[in-house]
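# A structural model of the following input is requested.
(one chain, ligands or ions: 1)
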Amino acid sequence: MDKFELRDKIVLVAGASSGIGAATVELLLGEGARVVAAARRMDRLQSLAKDRPGHCLPLQLDVADPASAASMIDRMPEGWRNIHGVVICAGHDVGGRARFDQADADTWTDIIDTNVNGTIRVCRAVIDQMAARGNGHIVTLGSTAGLRVYPGGSIYNASKFAVRAFTDGLRMDFAQTDIRVTEILPGLTRTEFAESRWGDGGKAQTFYDNAPGTLAPEDIADAILYAMTAPASVNVSQLLVEPTRV
Ligand code: NAP
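Okay, here's the model as predicted:
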């Protein structure tokens, strides 16, 4: 079967300002897709979109803000609103890796709100047009943390288990259509994730350096591209990608 052609298709990457999202933007642009690069840090998105007018559109998006997510399509220029696919990389573990009683409850609420509700909000904002067309592609970012819990991970683990359940439910709801729903489950990947968790670049570096193996964000972007370019009749439902050494 022919691979799915992304040329001139519009794909929104939520959480495009660093790590897996930024690497995914580059690969999608390489395939000829037109990419809406969305996140909170506009300066990062503007650098990503620089010299790529018509191909990469920076868009301010806070998935933890219901109004920001709900208005995202309306805030795009007219020629950008026919969204073929979304890749939802927006997520964090700020204040995580701590025993449940030793972290700030507000921070933990924000992990759930961003990782779970944020994913749901982005899907809600694009699903009507996908349902009306009868096709599209939604890619969510789960994690090995959504398969196995670890000490100090209660809230982040809960958020990624929830992403998996939501993604499975979405896939079932649209199983009689040509809307494809994929969950990517990365293992440890060297991004800004650990630095944002602890607010400490040195600690993050040591954390990654002490791991037996790590992935690069491009490794996960490759997996996302594999799912998105699979033939239209193929739904890559889940992809678990881990470092060789764990
Ligand atoms: P990262 O480099 O820290 O990137 C996180 C991205 O999420 C940034 O672009 C950030 O942009 C965005 N984001 C955070 N909160 C947001 C909000 N409220 N609204 C919009 N965007 C928001 O980390 P990453 O490793 O690439 O993480 C991407 C996804 O992969 C996350 O869902 C993470 O849970 C998952 N994952 C990561 C690993 C890993 O080992 N790194 C493993 C498994 C799964 P702004 O700050 O500019 O908004």
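
# in the helix-or-strand element of the chain with minimal mean pLDDT, which residues are buried?
Within the chain, no helix or strand scores below helix 105-112, which has a mean of 90 by mean pLDDT, DSSP states H and E. Across helix 105-112, burial judged by 16 or more other CB atoms under 10 Å covers W108, D110, I111, I112. Any C-beta I mention is one placed from the backbone N, CA and C, and that applies to glycine too.

# now do stretch 70-83
Buried, per 16+ other CB under 10 Å, within stretch 70-83: M72, I73, M76, W80, I83.

# that older thread, closest to I127 among the buried residues of helix 105-112?
Nearest to I127, judged by CB to CB, of the buried residues of helix 105-112 is I112 at 21.0 Å.

# grab the nearest non-local neighbour of the closest one.
S159 (5.3 Å; CB to CB, 6 or more residues apart in numbering).

# residue contacts, T214?
Taking CB atoms under 8 Å, 6 or more residues apart in numbering, we find T214 in contact with L188, T189, R190, Y208, P243.

# for the nearest residue to A103 once chain neighbours are set aside, what are its contacts?
Excluding its sequence neighbours, the residue lying closest to A103 (CB to CB, 6+ apart) is G95, at 5.0 Å. G95 makes contacts with A103, D104, T107, W108, I111, R197, as judged by CB under 8 Å, 6+ apart.

# still on that earlier bit, filter the contacts of T214 down to the ones near the ligand?
Applying CB under 6 Å from any ligand atom to the contacts of T214, one finds that L188, T189 fall near the ligand.

# so what pLDDT did the nearest residue to S154 once chain neighbours are set aside get?
Nearest non-adjacent residue to S154, counting by CB to CB, 6+ apart: F100, 5.1 Å away. You'll see F100 listed with a pLDDT of 92.

# pLDDT weak spots in this structure?
Across the chain, no stretch falls below the confidence threshold (pLDDT under 70).

# repeat that with 90
The model of the chain has pLDDT under 90 over residues 1, 96, 103-108.

# could you list the residues of it in contact with the ligand?
Counting by CB under 6 Å from any ligand atom, the residues of the chain near the ligand are 14-21, 39-41, 44, 61-64, 89-92, 114, 118, 141, 143, 186, 188-189, 191-193, 196, 217.

# R124 and A69 touch, don't they?
Yes - in this structure R124 lies within contact range of A69 using CB atoms under 8 Å: 7.5 Å.

# what residue is smack in the middle of this structure?
Ranked by distance to the mean C-alpha position of the chain (CA atoms, centre = their mean), the top residue is C89 at 1.7 Å.

# cool, thanks, talk later.
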